[in-house]
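J.: Generate coordinates for the sequence data below:
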Amino acid sequence: MPGALIGTVMSPCATPALAAALALADSGALFGMSMFWGATLLLAYGLGHSVLLLAGAMPSAASVLARRFAPLQTWIPGRRTFALVMFAAGLWWIAHGLDLYQLRDLKS
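T.: Numbering: from 1, shown residues only. Coordinates of the predicted model:
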C-alpha cells in the first residue's frame, strides 16, 4: 500500500520526465545513438528518483548532507541566473509554439 501512495503522489511530477527519458531511449536509433545511451538515461532517471525518495524518507540525514555541501554553493550560479535561463527558455518555447518565426517570414 505505501508504494501505491508514493506512486500516486509522485506521478504528476515523475511521469513527464520518465516519458521523455523513455522516448529518447526508444528513438535512439533515429539519432544514431545506441541502446547503451537509452540505458544510461534510464539509469540517471532512476538514480535521481531514488535520491528524492531517500531524502524524503530521511530528512535529518538530508539536511546534514545539505549543510556539508553548503560551502560548495559559491561555485553554483545564483537563483537569479537560473531564473533568467528558465525565463529565456520559456520565451523560446512560446515563440516556437506561436510560430512567431513563421509570422515574421510572412511579413517579408
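J.: Kindly tell me how buried G38 is, as a neighbour count.
T.: 19 (other CB atoms under 10 Å). Quick note: C-beta positions are derived from backbone N, CA and C, even for glycine.
J.: residues near L18, how many?
T.: L18: 15 neighbours (other CB under 10 Å).
J.: Tell me where the model's unsure across this structure.
T.: 1-3, 28-33, 75-76, 98-108 (pLDDT under 70).
J.: Domains in it, by residue range?
T.: Listed domain ranges for the chain are 2-75, 77-108 (source: automatic domain parsing).
J.: Give me whichever of those is most buried.
T.: domain 2-75 (a mean of 11; mean count of other CB atoms under 10 Å).
J.: Which residue is the nearest non-sequential neighbour of Y45?
T.: Of all residues not flanking Y45 in the chain, A21 sits nearest, at 4.7 Å (CB to CB, 6 or more residues apart in numbering).
J.: Just after the helix or strand harbouring the one you found, pick out the following helix or strand.
T.: A21 is part of helix 2-26 when elements are defined by DSSP states H and E. Per DSSP H and E, the first helix or strand lying C-terminal to helix 2-26 is helix 35-57.
J.: next structured bit after that next one?
T.: Next along from helix 35-57, by DSSP H and E: helix 59-68.
J.: any idea of the angle that following helix forms with helix 35-57?
T.: Here helix 59-68 runs at an angle of 110 degrees relative to helix 35-57 (axes from the mean of the first three to the mean of the last three CA atoms, to 10 degrees).
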